[in-house]
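Student: Sequence isn't available, so here's the structure alone:
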């Protein structure tokens with residue numbers, strides 16, 4: 001069984017993490033606005049979308065956007081605000097390794113600031129492939145193991161193993177994102193070639209590679225204001241995208257898999273299956289029961305909880 005980062009366990013408020021990260025947020029939004037400019041479709045999946053920080057970049061392009069997150073507390077706390085802004089949004093609490101969706105449903109997908117919490121990317125992309133349509137578009141951001149500051153540190157330490165393609169597990173005991181002080185968490189930085197290889201094995205073809213948050217540094221933030229940093233960020237995104245130097249790398253991909261009959265579903269309940277066995281569900285009001293394994297799930301405060 002794969003471990004997951006459970007923000008609810010420690011009552012972690014992810015929105016607070018972004019209160020002092022306006023530059024990083026606007027850098028990601030600028031990039032995603034460009035990548036989604038020519039995208040459209042019916043169902044869209046934002047994996048680990050939390051409180052909807054980036055929903056504005058894609059909601060107009062897709063008829064039925066879905067935010068999937070393991071934190072049911074976050075989804076419930078933000079339901080009213082999100083529904084007020086994006087009337088077509090759906091919120092699902094579930095495990096990214098066992099998503100409660102039928103095969104070949106989604107036309108587009110996104111994961112930002114989440115892959116570092118995925119300890120088994122091979123299993124995640126295998127599950128993602130199952131629910132995405134052939135020729136669907138998927139955008140993957142990840143923490144870049146090979147960013148410029150990390151390279152310099154490794155060279156100064158003479159750490160040759162650092163330059164391998166294997167994921168680098170950060171000493172998360174000192175990092176409290178999603179946990180609390182002195183609690184071990186899941187936090188990986190990835191070599192771009194490693195992510196590319198894993199995605200390619202599952203049929204995700206890299207169409208574009210982009211960098212993001214080139215100036216993410218406490219020193220730069222002390223010297224420059226956000227507007228100046230964003231001015232140069234936009235220049236670097238458009239000119240240095242081929243280099244593996246920023247702390248975040250973004251792949252725009254297209255899934256190629258065996259053709260299968262794609263059904264256009266209209267309602268959320270039509271695309272749901274049991275995350276445990278993938279059996280069809282009997283859904284009545286706020287209760288769902290798997291017809292195959294008999295496992296039961298509930299909807300509370302307008303959010304289905306399918307965490308398996």
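Tutor: Arrived safely. Bear in mind that the values here come from a model prediction, so they are computed numbers and not experimental data.

Student: Name the strands paired with the lowest-mean-pLDDT helix or strand in the chain and say parallel or antiparallel.
Tutor: Lowest mean confidence among the helices and strands of the chain (mean pLDDT, DSSP states H and E): strand 168-169, at a mean of 88. Sheet pairing of strand 168-169 (DSSP bridges) gives strand 188-189 (antiparallel).

Student: So residue 298 sits against residue 305, correct?
Tutor: Yes: between residue 298 and residue 305 there is a contact at 5.9 Å, judged by Cβ atoms under 8 Å. C-beta here means a position set from N, CA and C on the backbone, and glycine is covered the same way.

Student: quick one: residue 99 and residue 262, what's the gap?
Tutor: 17 Å (Cβ to Cβ, to the nearest Å).

Student: on that earlier part again, which one of residue 298 and residue 305 has more residues nearby?
Tutor: More crowded of residue 298 and residue 305, by other Cβ atoms under 10 Å: residue 305, with 18 against 12.

Student: Can I take it that that one is in a helix?
Tutor: No: the assignment for residue 305 (DSSP: H, G, I helix; E, B strand; the rest coil) gives strand, which keeps it out of a helix.

Student: where does the nearest residue to it once chain neighbours are set aside land in three-state SS?
Tutor: Spatial nearest neighbour of residue 305, excluding adjacent residues (Cβ to Cβ, 6 or more residues apart in numbering): residue 93 at 4.6 Å. When classified by three-state DSSP, residue 93 comes out as strand.

Student: Can you give me every residue that contacts residue 93?
Tutor: 68-72, 75, 303-307 (Cβ atoms under 8 Å, 6 or more residues apart in numbering).

Student: And for residue 73?
Tutor: 7-8, 11.

Student: so is it in a helix, a strand, or just coil?
Tutor: With three-state DSSP as the basis, residue 73 sits in helix.

Student: Need the pLDDT of it.
Tutor: Residue 73 is assigned 96 on the pLDDT scale.

Student: With the one 3 residues further on instead?
Tutor: What the model reports for residue 76 is a pLDDT of 97.

Student: Let me see the contact set for it.
Tutor: Residue 76 neighbours (Cβ under 8 Å, 6+ apart): 300-303.

Student: For the residues you listed, which single residue is the most surrounded?
Tutor: Within those, residue 303 tops the neighbour count with 22 neighbours, counted by other Cβ under 10 Å.

Student: residue ranges for the helices of the stretch 201-308 of the chain, please.
Tutor: If DSSP state H, counting those that start in this stretch is used as the criterion, the helices of the stretch 201-308 of the chain fall at 218-223, 226-239, 268-271.

Student: what packs against the second one?
Tutor: Under the contact criterion of 3 or more Cβ pairs under 8 Å, 6 or more residues apart in numbering; DSSP states H and E, the helices and strands touching helix 226-239 comprise helix 22-35, strand 204-212.

Student: Filter the contacts of residue 73 down to the buried ones, ChimeraX style.
Tutor: Here is the ChimeraX command that selects the buried residues among these (16 or more other Cβ atoms under 10 Å):
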select :7
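
Student: List just the nearest of the contacts of residue 73 to residue 163.
Tutor: Nearest to residue 163 among the contacts of residue 73 is residue 7, at 32.3 Å by Cβ to Cβ.

Student: what sits against that closest one?
Tutor: Counted by Cβ under 8 Å, 6+ apart, residue 7 has contacts 14, 70-71, 73-74, 178.
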